[in-house]
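Peer 1: No letters, just coordinates:
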RNA sequence: GCGGGUGUAGCUUAGUGGUAAAGCUCCAGCCUUCCAAGCUGGCUAUGAGGGUUCGAUUCCCUUCACCCGCUCCA
C-alpha cells in the first residue's frame, strides 16, 4: 500500500464529494462555515447508521445484568422548546458572559474576571500611571505589583504604588481599552472588545421579534427527553430502570468549526437517557460505557482505533459523578483520539433543575418499595454525524494494486448500496436478464443497475461507493443460469446460480 | 476570535495585463466476453465583490471558504 502525497483527510473529502457522500453546504454561494450537506450516498450511510442504533437501542435493546432485555422507548421532541428549558439546563447562563481576546498572548478571558488596577509610577524618566489588567483572585494585588515592578525595571528602575483603592472591572471601563494592559500582555491596548459568546443559535417564535419571543435552537437533544420524561412514564407503563432514546439535529455556534464534519454547527445526535434508582447510577454508567464500546466495534470500527477516555474527577461537570468519552483515532487527531460519544452519569441534576424551574413534581413513585425519588440518569450521547465520519475514515482504503486504488471497506449492512447489477455487455439479451434481477432484488436491497462503460469502471465506481457485492450477468447466465458475484474486499469472483442469488446475499448482508 | 497558508473544470496540474491549456473523471455513440481498455464526439473552471487599466484570472483592496497552529468545545 503506497501513500499518495495528499493527506488522508483531503483524499477522503475529495472522494466524499466525487461520489456524493458529503458536499459543502451552499457551495455555489461560496460555502457556509460549519455546515455540510449529505449527498445521495451520504444520507443512505447516515440513515443506515441511525437505523442500526435505533434497532439496537429501541427495538432490540441489550440485555441487562440480570439477563433480561432492557426497557427503552423512543421519542422525537421539538428542536425549539420553551426558553426556560435552557435556563434550567444552564445553557443560557453559562454563555451569557462577555469575553475578550488578547491579540498579544492569544488568550481569551471572561471580561468580568479581569480587574484593572491603576498603578502610579515614578522613574527617572518621569511619573505617570498604568492601567494593569489582572485576573481576579486573592493575590491579584500582588500580581499587579509584580508586573508594575517589571515595567519599571524596563525604564531603569523607580517606585510603583497601587493608586486605586478598588480595581475597576474591565467591562466598566472598556472605553479606556487603549491604555489597558491585558493580564498576560507586555503592551497596552491588545485586548479585543468584549463580545458575547453564546453557543446557542436563537430565533423568534411568532411574528413579533423581541426579548419575550426569543427562542433557542436546541444545543443537545437530551433536554427534550427530560421535559417529557414524566409523560413517557405515565403513558408507556415503563418504570426505572428504563431509557428514552432520541435521534435528531442539534445546533451549536461553535467558535471554530473544523475538520470536515467533525465539528459542525448543525449536527445530528443519537442520545439515550437511562433513568434509574439513585443507588444504581454508577452500575449503569459502567454498563453503558462497555455496551457502547462494544456497539461501535460491531459497526466495523476496529478496537485499536477506539479508546475510553475517563474524564478526571477534577474536570467533571458539576452535575456529573462520572463521564467517559468514547474516542476514535481520527486521521487529524492521530496518534491521539477525538470524541465520538460521551457517556455521562448526570445524577438527578437535570430532572431536579426542571422540577425546580417548572414547579412540576418529577419524582418517581416506587409503590413496590414504598418510596419516591427523582431518578438518576446515565446518558450515552453519540454523534451521528461524527459516527458517519468515523465509518468513512475507518473504511477508507488505498491500494495501488487495485484498478480503483481508493475504496471503502464499509460493513456490508451499513453500505449505502448493497448490490451493483451489471450486464457484462449491453447486448445478446444480457440487459434483459440483468434488469429482471434488478427489479427483483431492489425490493429487498438498495441496488444500482449500471450498464455504462467498461466492466472495470463499473467495479471501480462501486468500490468507491463501498458496495460489497457486484453481480454480473454474462454469457454463462444465458446458457447455464449462473451469474458472477464479485466481492468488494477480495476482488474475487464466484459463479452463483441465478436462483441462489437471494440466499447468497441474505447470508452475507444480514447485520 | 487570533496568526500563517491555499483558492484555475469533478480531480491533478499548466499558463498569461490581450480569445484560459492538458491528462484523468463524467456524458453520448461505436466497440467490447470480467477490473478505470480502445475510437469519435461533448459538457464543465479562474471562490465572491470592488478598485487600477482601453483591457484583470494575472496588480491592489475587501470579503468568503478550506487547510495548519492557538483558542473554544457547556
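Peer 2: Sure, I can see it. Note that the structure is a prediction, hence the values are computed from the model and not measured. Numbering: from 1, shown residues only, chains lettered A, B, ... in the order given.
Peer 1: Could you tell me how many residues sit around the residue of the stretch 401-511 of chain A found nearest RNA strand B?
Peer 2: Residue nearest to RNA strand B within the stretch 401-511 of chain A: residue A:456 (2.4 Å; C-beta to the nearest atom of the strand). C-beta here means a position set from N, CA and C on the backbone, and glycine is covered the same way. A count of nearby residues for residue A:456, using other C-beta atoms under 10 Å, gives 10.
Peer 1: quick one, what contacts the residue nearest to it when sequence neighbours are not counted?
Peer 2: Leaving aside its chain neighbours, residue A:456 sits nearest to residue A:403 (5.4 Å; criterion: C-beta to C-beta, 6 or more residues apart in numbering). Listed by C-beta atoms under 8 Å, 6 or more residues apart in numbering, the contact set of residue A:403 reads A:456, A:459, A:460.
Peer 1: In helices, which of those residues fall?
Peer 2: Using DSSP state H, the members of the contacts of residue A:403 that fall in helices are A:456, A:459, A:460.
Peer 1: Which residue ranges of chain A form helices?
Peer 2: A:8-19, A:40-54, A:84-89, A:140-154, A:222-236, A:281-298, A:349-358, A:384-395, A:430-441, A:455-465, A:475-480, A:501-509.
Peer 1: Buried deepest among these, which one?
Peer 2: Ranked by mean neighbour count, the helices of chain A are led by helix A:384-395 with a mean of 23 (mean count of other C-beta atoms under 10 Å).
Peer 1: what sits up against it?
Peer 2: A:8, A:12, A:16, A:21, A:38, A:42, A:45-46, A:49-50, A:53, A:247, A:260-262, A:264, A:267-270, A:296, A:299-302, A:305, A:328, A:330-331, A:339-341, A:408-411, A:414, A:466.
Peer 1: From the recorded domain assignment, give the ranges for chain A.
Peer 2: Chain A is divided into the following domains under automatic domain parsing: A:8-89+A:216-394, A:97-196, A:403-509.
Peer 1: quick one on the thing from earlier: keep the contacts of helix A:384-395, but drop any that are not near RNA strand B.
Peer 2: residue A:260 (C-beta under 7 Å from any atom of the strand).
Peer 1: Show the buried residues in the contacts of helix A:384-395.
Peer 2: Buried by 16 or more other C-beta atoms under 10 Å: A:8, A:12, A:16, A:21, A:38, A:42, A:45-46, A:49-50, A:53, A:247, A:260-262, A:264, A:267-270, A:296, A:299-301, A:305, A:328, A:330-331, A:339-341, A:408-411, A:414, A:466, out of these.
Peer 1: taking the residues you listed one by one, which sit in strands?
Peer 2: A:38, A:247, A:267, A:268, A:269, A:270, A:328, A:339, A:340, A:341, A:408 (DSSP state E).
Peer 1: is it true that the fifth one touches residue A:342?
Peer 2: No - look at residue A:269 against residue A:342 with C-beta atoms under 8 Å: they stay out of range, at 10.2 Å.
Peer 1: Overlap of the contact sets of those two?
Peer 2: When contacts are counted by C-beta under 8 Å, 6+ apart, residue A:269 and residue A:342 have A:381, A:382 as shared neighbours.
Peer 1: Now do the closest residue in space to residue A:346 that isn't next to it in sequence against RNA strand B, distance only.
Peer 2: Nearest residue to residue A:346, sequence neighbours excluded (C-beta to C-beta, 6+ apart): residue A:377, at 4.6 Å. From residue A:377 over to RNA strand B the distance is 15 Å, taken as C-beta to the nearest atom of the strand, to the nearest Å.
Peer 1: Please name the residues that touch residue A:377.
Peer 2: Residue A:377 touches A:226, A:273, A:274, A:275, A:276, A:345, A:346, A:347, A:348, A:350, A:351, counting by C-beta under 8 Å, 6+ apart.
Peer 1: Then residue A:134?
Peer 2: Residue A:134 makes contact with A:114, A:115, A:116, A:117, A:140, A:143, A:144, A:147, A:167, A:183 under the criterion C-beta under 8 Å, 6+ apart.
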